[in-house]
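> Pasting a predicted model and its sequence here:
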Amino acid sequence: MGLSKTIWTNPSEFLKSNQPDSPAMFFSPAVLQATARRFLNGFPGLVTYAVKSNPDEIVIANLATAGIQGFDVASPNEIAMIRRLAPHAALHYNNPVRARSEIRAAVEMGVKSWSVDSHSELAKLIELVPAENCEISVRFKLPVQGAAYNFGAKFGATVDLAIELLAKAAQAGFIPSLTFHPGTQCTDPAAWETYIHTAAEIAQGADVTIRRLNVGGGFPSHRLNDVQPQLEAIFALIDSATTEAFGDARPALVCEPGRGLCAEAFTLAARVKAIRDDQHVFLNDGVYGALMELPMIGVIDRIEAVSPTGQRRTGDTVNRIVFGPTCDSVDRLPGELPLPGDLEEEDYLVFHGMGAYSMATNTRFNGFGDLGLVTVLSLQG
Ligand SMILES: *Cc1c(COP(=O)(O)O)cnc(C)c1O
């Protein structure tokens, strides 16, 4: 990824001056730090960042500057990067399945918090990780609605299994904690409430006082113009539900947002390569690039069209099928996008709120995906 040395005023200024023919990601450090402060001021506990959602070093560095002191990591490479960029930050190794070699590497790098969702993986931790001052969080799952897709399909113990694992982790001398992930882009605050009450039941079932409850990621980003994420309402419900469910045995809270922290700080510009026979729009970025997530969690409608001279297209919208640049037929955005009728070849489509699961999962399939990174003072205009 090419790093520009210059800081630009806003995306239009860059697009007008450079007319890039490969997709560009615009990054606003101010927006990222403001979002971090919104979590730090509003969430009633420790805010950690799920590195996988956007592991770019510029993101980690800005979050550390804003005061984020913990990171949810999933691999020795992520751990090593955080150790390098934020040497004093807490590392939560919350990928519940790990090779023995990965466990050893993480112990070596000082990881003191681990999640687990199975007997076999817990046995590996008990064998390889010194228990003293070390936390094991049992990850559980529920069939709860409200998120864009179901994380429980891969990770999370059932309630009964979680009770067994929690009791066993406590017996082995680890600090016992619980964790869950309600599913990404979870717009329904009630999902957290259900999970928190179940966490209290699990702790009671295991007869264990848990030290911490990690309420996961899943905090929504602003994907649709008309649906503003209700972060403060979610924080308040997490706070009240925890007191209600645990009473005097209230655990400390942890959250680990990925999308909720990084999405809003990035805007993507993709160029219109062609409007084939006045119908389908072909972009120079698609589902093998920074738009990877759209087929999985739905299209975003915070899209503007800009001419090569930086003018907003304002024509009445027309619904268009939009394809990415590769020769693969799955490289198509879901459904149809309402785009201005005066859209022309060589215009740019500017997608807001694109920082999560975009740069990290960009591929070079078919020779595309040369994604540039441009720092801007403002993402507006
Ligand atoms: C991916 C992930 C997150 C972040 O999820 P978001 O929906 O991006 O907030 C948090 N915790 C764990 C364990 C994850 O795997």
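Cool, got the structure.
> other SSEs contacting the host helix or strand of F26?
Assigned by DSSP states H and E, F26 belongs to strand 24-27. Based on contacts counted as 3 or more C-beta pairs under 8 Å, 6 or more residues apart in numbering; DSSP states H and E, the elements that strand 24-27 packs against are helix 11-18, strand 266-276, strand 372-376. Bear in mind the C-beta positions are built from the backbone N, C-alpha and C, glycine included.
> Alpha carbons of the following helix or strand past that strand, in CSV - could you do that?
Using DSSP H and E, the helix or strand that directly follows strand 24-27 along the chain is helix 29-42. The C-alpha coordinates for helix 29-42 follow below in CSV (Å, rounded to 0.1, in the frame of the first residue of the first chain):
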residue,chain,number,x,y,z
PRO,A,29,-6.8,10.6,11.9
ALA,A,30,-9.1,13.2,13.5
VAL,A,31,-12.2,11.0,12.9
LEU,A,32,-10.5,7.9,14.2
GLN,A,33,-9.3,9.6,17.4
ALA,A,34,-12.7,11.2,17.9
THR,A,35,-14.4,7.7,17.6
ALA,A,36,-11.9,6.3,20.0
ARG,A,37,-12.7,9.0,22.5
ARG,A,38,-16.4,8.3,22.1
PHE,A,39,-15.8,4.7,23.2
LEU,A,40,-13.3,5.7,25.9
ASN,A,41,-15.7,8.3,27.4
GLY,A,42,-18.9,6.3,26.9
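> Are helix 29-42 and the ligand in contact anywhere?
No. Helix 29-42 does not reach the ligand (C-beta under 6 Å from any ligand atom); its nearest approach is 10.9 Å.
> still on that earlier bit, would you list the helices and strands packed on strand 24-27 in JSON lines and tack on distance to G42, mean neighbour count and mean pLDDT?
Shown next, in JSON lines, are those (distance: least, C-beta to C-beta, whole Å; neighbours: other C-beta atoms under 10 Å; pLDDT from 0 to 100):
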{"stretch": "helix 11-18", "distance to G42": "28", "mean neighbour count": "19", "mean pLDDT": "95"}
{"stretch": "strand 266-276", "distance to G42": "21", "mean neighbour count": "21", "mean pLDDT": "98"}
{"stretch": "strand 372-376", "distance to G42": "26", "mean neighbour count": "19", "mean pLDDT": "97"}
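> and the ligand, which of those is closest to it?
strand 266-276 (13.6 Å; C-beta to the nearest ligand atom).
> one step back: could you export the helices and strands packed on strand 24-27 to a markdown table, including columns for distance to A123?
Conversion of these to a markdown table gives the following (distance: least, C-beta to C-beta, whole Å):
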| stretch | distance to A123 |
| --- | --- |
| helix 11-18 | 51 |
| strand 266-276 | 41 |
| strand 372-376 | 43 |
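> I'd like those laid out as TSV, including distance to the ligand.
Compiled in TSV, those are given as follows (distance: least, C-beta to the nearest ligand atom, whole Å):
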stretch	distance to the ligand
helix 11-18	24
strand 266-276	14
strand 372-376	20
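> Going by secondary structure, L125 is in what exactly?
Going by DSSP H and E, L125 is in helix 119-128.
> Now find how far off-centre that helix is within its chain.
Relative to its parent chain, helix 119-128 has a centroid offset of 28 Å by C-alpha atoms, centre = their mean, to the nearest Å.
> Is the ligand within reach of it?
No. With C-beta under 6 Å from any ligand atom as the criterion, the ligand is not reached by helix 119-128; the gap is at least 13.9 Å.
> Following the chain onward from that helix, which element is next?
Where DSSP H and E defines the elements, the next helix or strand beyond helix 119-128 is strand 135-139.
> what does the stretch 1-150 of the chain have sitting close to the ligand?
Applying C-beta under 6 Å from any ligand atom, we find that the stretch 1-150 of the chain lies next to the ligand at A50, K52, S53, D72, N94.
> Can you tell me which of those are buried?
A50, K52, S53, D72, N94 (16 or more other C-beta atoms under 10 Å).
> per-residue confidence at the residue lying closest to the first one once chain neighbours are set aside?
Counting by C-beta to C-beta, 6 or more residues apart in numbering, G258 is the residue found nearest to A50 once chain neighbours are left out, at 3.4 Å. Reading off the confidence values, G258 has pLDDT 98.
> Contact partners for G258?
Neighbouring residues of G258 by C-beta atoms under 8 Å, 6 or more residues apart in numbering: Y49, A50, V51, K52, S53, N54, D72, T184, G217, A356, Y357.
> Out of those residues, which one has the weakest pLDDT?
Minimum pLDDT for the contacts of G258 is recorded at T184 (93).
> ok, that residue - how many residues close by?
By the criterion of other C-beta atoms under 10 Å, T184 has 27 neighbours.
> Which element, helix or strand, includes it?
Per DSSP H and E: nothing holds T184, as it lies in no helix or strand.
> Could you tell me which of the buried ones among the residues of the stretch 1-150 of the chain next to the ligand belong to helices?
Residues of these located in helices (DSSP state H): none.
> Out of these, which is nearest to D248?
If you rank these by distance to D248 using C-beta to C-beta, N94 comes first, at 27.2 Å.
> In three-state terms, label the closest residue to that closest one other than its chain neighbours for me.
In this structure, N94 finds its nearest non-sequential neighbour in S115, 4.2 Å apart by C-beta to C-beta, 6+ apart. Three-state assignment for S115 (DSSP: H, G, I helix; E, B strand; the rest coil): strand.
> From F39, how far out is S115?
20 Å (C-beta to C-beta, to the nearest Å).
> So, low pLDDT: which residues of the stretch 101-250 of the chain?
For the stretch 101-250 of the chain, applying pLDDT under 70 flags the ranges 146-147, 149-152.
> tell me the phi and psi of the residue of it found nearest the ligand?
Relative to the ligand, the nearest point of the stretch 101-250 of the chain is G217 (2.3 Å; C-beta to the nearest ligand atom). When read as degrees, to the nearest 10, the backbone of G217 gives phi -100, psi -140.
> May I ask you to confirm that it is in contact with A263?
No. With contact defined as C-beta atoms under 8 Å, G217 does not count as touching A263 (11.4 Å).
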